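Q: I need the structure of the sequence given here:
(chains A and B)
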Protein chains: 2
Amino acid sequence: MNQEALYKITYGLYIVCSGDKKQGNGFISNTFFQVTASPAQFAACCNKDNYTAELIEKYGHFSVSVLHQNTAAETFGRFGYKSGRDIDKLDGMDVKYGITGTPIILNDSLAYLEFKVVQKLDVGTHWLFIGELLDAQILDEVNFPITYAYYREIKKGLAPKNAPTYIAKPESEPENVKEEHNQYECSDCGYIYDDKEDGVRFSDLPDDWRCPVCGAPIGDFIPF
Amino acid sequence: MNQEALYKITYGLYIVCSGDKKQGNGFISNTFFQVTASPAQFAACCNKDNYTAELIEKYGHFSVSVLHQNTAAETFGRFGYKSGRDIDKLDGMDVKYGITGTPIILNDSLAYLEFKVVQKLDVGTHWLFIGELLDAQILDEVNFPITYAYYREIKKGLAPKNAPTYIAKPESEPENVKEEHNQYECSDCGYIYDDKEDGVRFSDLPDDWRCPVCGAPIGDFIPF
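A: Below you'll find the model as predicted:
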């Protein structure tokens, strides 16, 4: 078995949202696809522990915003690596409320789709929510949709622990190799800063430097 | 509702196969994704009318070959626009038989995955087969996985009628516009050859010219 083969599967990246004006939340998902044309139905895969899963179950509707290639690191940080149980993820975002009242994130999004849940399928650690399409709109004709491969290879992003595509990191390298490299890990998203690879000593980075993957401040990095 | 928004969803393209050495078949799918990490499970969406769906139900296993960007038009023609009830799609192909005995197409594939079915979910016109990953191998490190967007935009491919992402073609243009264009439709895949856009009159094309999308011979084209 070669785990690298799993990286050859193509995904986009989306913000899946649910709730209403009082209580809303969203998370970054790569596992979203159309399952039937008549009627137009889509499947969204969501970890059972996610706060958004709880909201989709409660409200019976959700939205999907299609992220573009220039999506800000802070957007990935907020929606991909934090929990809506700890922070209000929608605070300060550009939010539209759809036909069902579900929040729809407009930041960094080139299109959105809105669904009512028609089925909920149990696949173990995750739910597959089957949604019937209620609305779909284009927001931006210029940017390209970001793919998961682009996020991983160009933006050096990693799957968070709750993602269906999460792969555990290999064991740490031996001490002597670690010392040569001077690596620091972002405690939010797991991104590894490497003095040697990145060309600047971590200690020489400016105070306002932020994690290139999730936008976390430099203080969130710990020696790896 | 803007149907164009649906084109912003990112998919790869795969050949999904099932059966054994005596009876095997496969079809081109874009709707395949991972649903859980522990255990590694994937969902494959398949029209209930597909011969391959019948085989997956019968055998309880399937393989997925990840197609690359240089996939031959003939491969799309054979697996995407024909039925295994009419032709033996595996005849003459480079086929490996996996752990379960399921056929795996190696042509134009940069990786493959093999699954045993653990759940079958009814979503209307289609089944969602949930498969537990048994094996995964890389075949080619050079080529990139083809995306559905690349197939549509660069290769001008169309979703076949049984696809979850099928969108019916708009009504024919008025007669006077049609005459100016001289359009011919591939009766296999629906590709439209247009004298004006393609720069060469259809009647001037050589006899061995083939459909650029599915590899069908010129005789399969009819005036549109």
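Q: CA atoms for contacts and neighbours, from now on please.
A: Noted.
Q: any idea how far A:Y97 lies from A:I154?
A: 32 Å (CA to CA, to the nearest Å).
Q: higher neighbour count, these two?
A: Taking other CA atoms under 10 Å in any protein chain shown, A:Y97 and A:I154 do not tie; A:Y97 has more neighbours (14 against 10).
Q: just for chain A, where's the confidence low?
A: Along chain A, segments meeting pLDDT under 70 span A:169-181.
Q: Show me the strands in it, by range?
A: Taking DSSP state E as the criterion, chain A contains strands spanning A:14-19, A:24-29, A:32-36, A:41-47, A:61-67, A:95-97, A:103-105, A:109-122, A:126-138, A:183-186, A:192-194, A:221-223.
Q: Same list (those) but as TSV, adding distance to chain B.
A: Listed next are the strands of chain A as TSV, based on distance: least, CA to the nearest CA, whole Å:
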stretch	distance to chain B
strand A:14-19	9
strand A:24-29	11
strand A:32-36	4
strand A:41-47	6
strand A:61-67	7
strand A:95-97	15
strand A:103-105	14
strand A:109-122	6
strand A:126-138	5
strand A:183-186	22
strand A:192-194	22
strand A:221-223	26
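Q: can you put these in TSV and add distance to B:V142?
A: Converted to TSV, those look like this (distance: least, CA to CA, whole Å):
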stretch	distance to B:V142
strand A:14-19	28
strand A:24-29	28
strand A:32-36	27
strand A:41-47	31
strand A:61-67	27
strand A:95-97	42
strand A:103-105	37
strand A:109-122	31
strand A:126-138	34
strand A:183-186	30
strand A:192-194	26
strand A:221-223	35
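Q: The ones you listed: which one's closest to B:I138?
A: If you check each of the strands of chain A against B:I138 by CA to CA, strand A:32-36 wins as the nearest, at 24.1 Å.
Q: ok, that closest one: who's next to it in the sheet?
A: strand A:41-47 (antiparallel) (DSSP bridges).
Q: how about the partner strand as PDB, C-alpha atoms only?
A: Taking Å, rounded to 0.1, in the frame of the first residue of the first chain, the C-alpha atoms of strand A:41-47 are listed here in PDB:
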ATOM      1  CA  GLN A  41     -28.200  16.500  -5.200                       C
ATOM      2  CA  PHE A  42     -24.700  16.800  -3.600                       C
ATOM      3  CA  ALA A  43     -22.900  15.000  -0.900                       C
ATOM      4  CA  ALA A  44     -21.000  16.800   1.800                       C
ATOM      5  CA  CYS A  45     -18.800  14.800   4.200                       C
ATOM      6  CA  CYS A  46     -18.500  16.200   7.700                       C
ATOM      7  CA  ASN A  47     -16.800  14.800  10.900                       C
END
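Q: Report the distance from it to the chain centre.
A: 14 Å (CA atoms, centre = their mean, to the nearest Å).
Q: Please apply the same query to stretch A:197-205.
A: 27 Å.
Q: How far does that stretch stretch from one end to the other?
A: 14 Å.
Q: okay, now the domains of chain A?
A: The record's domain parsing of chain A by automatic domain parsing lists A:11-153, A:175-223.
Q: Which one, of the ones you listed, ends up nearest to B:D188?
A: Proximity of the domains of chain A to B:D188 was assessed by CA to CA; the nearest stretch is domain A:11-153, lying at 20.1 Å.
Q: and A:D198, how many neighbours does it have?
A: Neighbourhood size, A:D198 [other CA under 10 Å]: 9.
Q: Then A:L121?
A: By the criterion of other CA under 10 Å, A:L121 has 14 neighbours.
Q: need the contact list for it.
A: Residues counted as contacts of A:L121 (CA atoms under 8 Å, 6 or more residues apart in numbering or on different chains) are A:127-130, B:121.
Q: Is there a quick ChimeraX command that grabs whichever of these are buried?
A: Buried subset of the contacts of A:L121, written as a ChimeraX selection, criterion 16 or more other CA atoms under 10 Å in any protein chain shown:
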select /A:127,128,129,130
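Q: could I get the contacts of A:L121 as JSON lines with distance to B:F27?
A: JSON lines is the format used below for these (distance: CA to CA, whole Å):
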{"residue": "A:W127", "distance to B:F27": "27"}
{"residue": "A:L128", "distance to B:F27": "24"}
{"residue": "A:F129", "distance to B:F27": "25"}
{"residue": "A:I130", "distance to B:F27": "23"}
{"residue": "B:L121", "distance to B:F27": "19"}
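Q: Spatially central, which residue of chain A would that be?
A: Centre of chain A computed as the mean C-alpha position; nearest residue by CA atoms, centre = their mean is A:I28, 2.5 Å away.
Q: wait, doesn't it sit right on A:G12?
A: No - using CA atoms under 8 Å, A:I28 makes no contact with A:G12, being 10.3 Å away.
Q: Correct me if wrong: A:K155 contacts A:V213.
A: Yes - counting by CA under 8 Å, A:V213 is a contact partner of A:K155 at 6.4 Å.
Q: between these two, which one's more packed in?
A: More crowded of A:K155 and A:V213, by other CA under 10 Å: A:V213, with 24 against 16.
Q: doesn't A:C189 make contact with that one?
A: Yes - between A:V213 and A:C189 there is a contact at 7.5 Å, judged by CA under 8 Å.
Q: what residues do these two have in common as contacts?
A: With CA under 8 Å, 6+ apart, A:V213 and A:C189 have common neighbours A:G77.
Q: show me the contacts for A:K96.
A: By CA under 8 Å, 6+ apart, the residues touching A:K96 are A:103-106.
Q: cutoff 7 Å now
A: By CA atoms under 7 Å, 6 or more residues apart in numbering or on different chains, the residues touching A:K96 are A:103-105.
Q: Put together CSV for those, with neighbour count on each row.
A: Output for the contacts of A:K96, formatted as CSV (neighbours: other CA atoms under 10 Å in any protein chain shown):
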residue, neighbour count
A:P103, 28
A:I104, 30
A:I105, 26
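Q: Would you reformat the residues you listed as TSV and include distance to A:L205?
A: Converted to TSV, these look like this (distance: CA to CA, whole Å):
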residue	distance to A:L205
A:P103	37
A:I104	36
A:I105	32
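Q: Go ahead and confirm A:V95 touches A:I104.
A: Yes - using CA atoms under 7 Å, A:V95 is in contact with A:I104, at 5.5 Å.
Q: so what sits against both of those two?
A: What both A:V95 and A:I104 touch, as defined by CA under 7 Å, 6+ apart, is an empty set.
Q: ok, now how distant is A:D195 from A:E185?
A: Applying CA to CA, the value for A:D195 to A:E185 is 12 Å.
Q: Over to A:L113?
A: Between A:L113 and A:E185 the computed distance is 35 Å (CA to CA).
Q: Then A:D122?
A: Taking CA to CA, one finds A:D122 at 34 Å from A:E185.
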